[in-house]
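A.B. asks: need a 3D model of the sequence below.
(one chain, ligands or ions: 1)
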Amino acid sequence: MIDPPRDIKAHQAEQVLEITWPDGEVHRLPYRFLRAECPCASCRDEWSGARIIQIEHVREEIKLEGLELVGNYALQPSWNDGHSSGIYTWELLRETALGIPEPG
Ligand SMILES: [Zn+2]
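C.D. replies: As a prediction, this is how the structure comes out:
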C-alpha cells in the first residue's frame, strides 16, 4: 500500500496535475498523458491490459472538470471529453509518473 499524497494540485492552464507524496517527492503529470493512461475497461483491453486509447487520440485542450477521491486509495478524474470512469490508484499514479517522457 502506498500512502495517499500529501497534496494534489490541478494546474488547469498548464494542464498538469501536481502530486506531492508523503516522502516529499513531487510528480507533475500532464493531463493528456494521464488521460491516455486511463485504466478503465473502455480504455484498456480487459485481457491483455493493452492500451486502447493512445495519446494522439486525446484532445490537446483536455481539461479536468472534476477530481474525486475514491476512499483513501485512488483518484477519479472527470475529463472534459466526457470521460470519468477511470480510477487511478496511488500505485498507478506513481508508476505513470515514472513513464513520463522528460520535457524538452
Ligand atoms: Zn477510461
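A.B. asks: check contacts around the closest residue to residue 15 other than its chain neighbours.
C.D. replies: Of all residues not flanking residue 15 in the chain, residue 31 sits nearest, at 4.1 Å (CB to CB, 6 or more residues apart in numbering). No exception for glycine: its C-beta is placed from N, CA and C like everyone else's. Residue 31 makes contacts with 15-17, 62-64, 79, as judged by CB atoms under 8 Å, 6 or more residues apart in numbering.
A.B. asks: could I get these in TSV, plus columns for pLDDT, neighbour count and secondary structure?
C.D. replies: Listed next are the contacts of residue 31 as TSV, based on pLDDT from 0 to 100; neighbours: other CB atoms under 10 Å; DSSP: H, G, I helix; E, B strand; the rest coil:
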residue	pLDDT	neighbour count	secondary structure
15	98	19	coil
16	98	17	strand
17	98	24	strand
62	97	18	coil
63	98	15	coil
64	98	18	strand
79	98	19	strand
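A.B. asks: out of those residues, which comes closest to residue 56?
C.D. replies: Distance ranking of the contacts of residue 31 against residue 56, using CB to CB, places residue 62 first at 12.3 Å.
A.B. asks: please report how far the closest residue to the closest one other than its chain neighbours lies from the ion.
C.D. replies: In this structure, residue 62 finds its nearest non-sequential neighbour in residue 31, 4.8 Å apart by CB to CB, 6+ apart. Using CB to the ion, to the nearest Å, we find residue 31 at a distance of 14 Å from the ion.
A.B. asks: where's the nearest residue to residue 16 once chain neighbours are set aside, which helix or strand?
C.D. replies: What sits nearest to residue 16 in space, not counting adjacent residues and going by CB to CB, 6+ apart, is residue 28, at 5.0 Å. Per DSSP states H and E: residue 28 is located in strand 26-30.
A.B. asks: just the buried residues of that strand, please?
C.D. replies: Residues of strand 26-30 classed as buried: 27, 29-30 (neighbour count, 16 or more other CB atoms under 10 Å).
A.B. asks: neighbouring strands for that strand, and are they parallel or not?
C.D. replies: strand 16-20 (antiparallel) (DSSP bridges).
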